[in-house]
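Asks: pasting the structure only:
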């Protein structure tokens, strides 16, 4: 079945450091890929998405490229801020499977000033 | 656009009582709504998928008689936790999709059963 594996956390970085959170997936066909962010005590917010191979999703300085050859969708940001501290979830959705979404375990990021 | 709300945001109840959680799509029609459960420091676990006007599809291991889902309109779905017990304490999150496949999530409802 469809599944997502993402880098285990927690990840602690200093402000302005480079961030990479790895995500790989297993799925048949061509799923859509997402990164969601969850701030403390809140629900999930869509950060970015990509719907086909080689697409790059980007938002708020974050970006991720849909790599079908490596079945990956790694999240990157060149310079993190304290306000980026949150839990990040990689997810996939397959429209041929009633759109149900499969999440990775989540990676907690803490950015220190 | 694509805002999903949940009510209440948190609820405390006594063991044995039932609790209803509402999920609303505020500015779009949600053909499909999803209910998730999240334990502390863990990922989201899909509980059930509901399409407007039809019965919900529950994931394996989720008791349909305990977690009643009603999707009566294109903007409202409800989850009722019946005869709640302390082990039902969790963070419940709904999401909704319109015509596309992107899911938009509600802010979550924290349930504490005493």
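Replies: Perfect, thanks for sending it. Here the structure is a predicted model, which is why all the values come from computation and not from measurement. Numbering: from 1, shown residues only, chains lettered A, B, ... in the order given.
Asks: enumerate the residues of chain B near chain A.
Replies: Within chain B, the positions near chain A by CB under 8 Å from any CB of the partner chain are B:6, B:32, B:34, B:41-44, B:46, B:49, B:57, B:93, B:95, B:97, B:101-108. The C-beta positions use only the backbone N, C-alpha and C, and glycine is treated the same way.
Asks: tell me how far residue B:15 lies from residue B:84.
Replies: 6 Å (CB to CB, to the nearest Å).
Asks: so these two - more neighbours on which side?
Replies: residue B:84 (22 against 12; other CB atoms under 10 Å in any protein chain shown).
Asks: identify the contacts common to residue B:15 and residue B:84.
Replies: residue B:113 (CB atoms under 8 Å, 6 or more residues apart in numbering or on different chains).
Asks: got the contact list for the closest residue to residue B:28 other than its chain neighbours?
Replies: Once flanking residues are discounted, residue B:28 sits nearest to residue B:98: 4.5 Å by CB to CB, 6 or more residues apart in numbering or on different chains. Neighbour list for residue B:98: B:2, B:25, B:28, B:29, B:30, B:31 [criterion: CB under 8 Å, 6+ apart].
Asks: strands of the chain, residue ranges please.
Replies: You didn't say which chain, so I picked chain A. Under the criterion DSSP state E, chain A contains strands at A:3-6, A:11-14, A:19-21, A:23-26, A:32-38, A:44-50, A:56-59, A:62-65, A:75-77, A:86-93, A:101-103, A:107-112.
Asks: actually, chain B is the one I wanted.
Replies: B:4-7, B:10-13, B:19-25, B:32-38, B:44-51, B:57-58, B:67-73, B:76-81, B:90-97, B:104-105, B:109-113.
Asks: list the strands paired with the fifth one, with their directions.
Replies: Taking DSSP bridges as the criterion, strand B:44-51 sits next to strand B:32-38 (antiparallel), strand B:57-58 (antiparallel) in its sheet.
Asks: residue B:111: neighbour count?
Replies: With other CB under 10 Å as criterion, residue B:111 counts 21.
Asks: name the residues of stretch B:90-97 that are buried.
Replies: In terms of neighbour count (16 or more other CB atoms under 10 Å in any protein chain shown), stretch B:90-97 has its buried residues at B:90, B:91, B:92, B:93, B:94, B:95, B:96, B:97.
Asks: what's the burial count for the nearest residue to the fifth one once chain neighbours are set aside?
Replies: Closest residue to residue B:94 apart from its sequence neighbours, by CB to CB, 6+ apart: residue B:23 at 3.5 Å. Other residues lying near residue B:23 total 28 when counted by other CB under 10 Å.
Asks: now the lowest-mean-pLDDT helix or strand in chain A, how far from the centre of its chain.
Replies: Counting by mean pLDDT, DSSP states H and E, the weakest-scoring helix or strand in chain A turns out to be strand A:101-103, with a mean of 86. Computed by CA atoms, centre = their mean, to the nearest Å, the chain-centroid distance of strand A:101-103 equals 11 Å.
Asks: name the helices or strands packed onto it?
Replies: strand A:3-6, strand A:86-93, strand B:44-51 (3 or more CB pairs under 8 Å, 6 or more residues apart in numbering or on different chains; DSSP states H and E).
Asks: comparing the ones you listed, which comes out most buried?
Replies: Burial of the helices and strands packed on strand A:101-103 is given as mean neighbour count (mean count of other CB atoms under 10 Å in any protein chain shown); strand A:86-93 ranks first at a mean of 24.
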